[in-house]
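Engineer: Structure here, sequence nowhere to be found:
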């Protein structure tokens with residue numbers, strides 16, 4: 001496992017982080033036993049993964065409870081990142097949310113506390129005042145944001161307190177490369193990426209758009225006519241699966257698993273700090289960790305980027321894979 005400094009903070013994080021959103025299962029991912037989630041956390045820890053990402057909004061806090069239970073005595077050896085929901089960004093609610101997360105996690109501090117989505121109704125001054133108070137009290141070590149575009153970043157930069165921005169990013173969804181990633185880099189903000197395998201598109205399991213699970217085919221890669229889509233766009237299914245086929249060929253040529261290569265590609269991109277990969281079994285956590293051990297040559301990295309350039313060009317600088325106008 002490799003480790004990197006997170007932005008201008010004092011935190012050093014593993015380049016692969018464990019995403020805990022699917023710890024409780026759902027209609028898209030299927031049922032999940034608590035013991036499997038606990039084993040996943042322990043396997044990730046054994047593989048050198050030190051950053052664990054969760055949120056109060058994941059299963060109404062249940063993923064936080066499971067993560068806290070799984071870490072147990074190892075809590076002080078890892079970094080816990082959680083998130084406060086946009087509806088709870090008023091001063092009182094934010095402080096209450098943090099304290100509730102701490103209780104569920106069984107800890108007295110969070111290493112990174114993130115604003116899950118920006119609010120356009122609650123003044124950022126009120127939110128940041130609460131965040132800074134929590135930091136002064138030692139309840140959080142560092143402040144982060146999630147899903148903040150260039151304009152929303154401008155609202156928090158004056159506080160000189162935000163150390164990270166968590167954003168959707170993978171070989172098929174590269175919108176942050178245009179302006180958000182350079183903005184973070186210029187201001188010393190580390191970038192954590194989620195949707196690292198594009199909900200499984202980059203696992204190599206699926207040959208056509210129709211093969212992909214219906215409930216997950218909701219991003220702007222897919223047609224607006226797919227079940228659950230909220231974006232109202234035509235999508236670029238043919239371009240995406242042409243790119244996937246090219247990626248599959250490249251991976252076969254170098255003898256590496258497609259999912260591992262997808263994670264390794266993201267890790268290798270300039271200004272990316274850590275790649276969040278979800279896991280539901282110990283085997284998946286161990287497999288994800290392998291992405292940190294693969295060194296892709298400059299030629300292979302270029303080949304992979306070229307293979308997905310048509311998708312990048314089609315989707316443009318949109319940083320939100322699912323809806324229109326939420327990230328600005």
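Structural biologist: It's in. On a predicted model such as this, the values are computed, not experimentally measured, just so you know. Numbering: from 1, shown residues only.

Engineer: Now do the closest residue to residue 17 other than its chain neighbours, the pLDDT please.
Structural biologist: Distance criterion Cβ to Cβ, 6 or more residues apart in numbering; nearest residue to residue 17, sequence neighbours excluded, is residue 51 at 3.8 Å. Using the backbone N, CA and C atoms, a C-beta is placed for each residue, glycine as well. As predicted, residue 51 sits at a pLDDT of 98.

Engineer: any idea how far residue 229 is from residue 51?
Structural biologist: Per Cβ to Cβ, to the nearest Å, residue 51 is found 31 Å from residue 229.

Engineer: now residue 45
Structural biologist: Noted for residue 45: a distance of 37 Å to residue 229, by Cβ to Cβ.

Engineer: Am I right that residue 83 is in a strand?
Structural biologist: Yes - when classified by DSSP: H, G, I helix; E, B strand; the rest coil, residue 83 is found to be part of a strand.

Engineer: do you know how far it is from residue 324?
Structural biologist: In terms of Cβ to Cβ, residue 83 sits 22 Å off from residue 324.

Engineer: Quick check on those two: which one has the bigger neighbour count.
Structural biologist: Neighbour totals were compared for residue 83 and residue 324, and residue 83 leads with 25 against 12 (other Cβ atoms under 10 Å).

Engineer: Pretty sure the more buried one sits against residue 112.
Structural biologist: No - contact criterion Cβ atoms under 8 Å: residue 83 and residue 112 do not qualify, at 9.1 Å.

Engineer: which phi and psi does residue 4 have?
Structural biologist: phi -140, psi 150 (degrees, to the nearest 10).

Engineer: ok, back up a step: residues in contact with the residue nearest to residue 17?
Structural biologist: Taking Cβ atoms under 8 Å, 6 or more residues apart in numbering as the contact definition, residue 51 lies against 13, 14, 17, 18, 78, 79, 81, 192, 274, 276.

Engineer: Would you mind pulling up the elements that the helix or strand containing the last one packs against?
Structural biologist: When you say that, I think you mean residue 276. Using DSSP states H and E, residue 276 falls within strand 274-278. Secondary structure elements in contact with strand 274-278, counted by 3 or more Cβ pairs under 8 Å, 6 or more residues apart in numbering; DSSP states H and E, are strand 16-19, strand 51-53, strand 190-194, helix 258-268.

Engineer: closest to residue 136 out of those?
Structural biologist: Put simply, out of the helices and strands packed on strand 274-278 the one that sits nearest residue 136 is strand 190-194, at 21.7 Å, with distance taken as Cβ to Cβ.

Engineer: what element comes up after the closest one heading to the C-terminus?
Structural biologist: Remark: after strand 190-194, the chain's next helix or strand is helix 237-254, criterion DSSP H and E.

Engineer: Just name whatever secondary elements that next one is in contact with.
Structural biologist: Packed against helix 237-254 by the contact rule (3+ Cβ pairs under 8 Å, 6+ apart) you find helix 258-268, helix 298-307, helix 309-315.

Engineer: Please list all residues in contact with the nearest residue to residue 95 once chain neighbours are set aside.
Structural biologist: Taking Cβ to Cβ, 6+ apart, and ignoring the residues beside it in sequence, residue 95 has residue 130 as its nearest neighbour in space, at 5.6 Å. Each residue near residue 130 by Cβ under 8 Å, 6+ apart is listed here: 89, 90, 91, 94, 95.

Engineer: Of all the helices and strands packed on helix 237-254, which one is nearest residue 178?
Structural biologist: When these are compared by Cβ to Cβ, helix 309-315 sits nearest residue 178, at 9.0 Å.

Engineer: what are the bridge partners for the most centrally placed residue in the chain, then?
Structural biologist: The C-alpha lying nearest the average C-alpha coordinate of the chain belongs to residue 194 (Cα atoms, centre = their mean; 2.0 Å). Each beta-bridge partner of residue 194 is listed here: residue 168, as defined by DSSP bridges.

Engineer: still on that earlier bit, need phi/psi at the residue nearest to residue 95.
Structural biologist: When read as degrees, to the nearest 10, the backbone of residue 130 gives phi -70, psi -40.

Engineer: what bits of this protein have low per-residue confidence?
Structural biologist: With pLDDT under 70 as the threshold, the chain has low-confidence stretches at 25-29.

Engineer: Tell me the residue in it that is farthest from the middle.
Structural biologist: Within the chain, the residue lying farthest from the chain centre (Cα atoms, centre = their mean) is residue 253, at 28.6 Å.

Engineer: just to revisit the earlier point, tell me which residues of the helix or strand that the strand holding residue 276 is followed by are tucked away?
Structural biologist: Secondary structure here is assigned by DSSP H and E; on that basis, the next helix or strand after strand 274-278 toward the C-terminus is helix 282-289. Neighbour-count burial for helix 282-289, with 16 or more other Cβ atoms under 10 Å as criterion, is recorded at 282, 284, 285, 286, 287, 288, 289.

Engineer: correct me, but the first one touches residue 43?
Structural biologist: Yes - at 3.6 Å, residue 282 counts as touching residue 43 under the criterion of Cβ under 8 Å.
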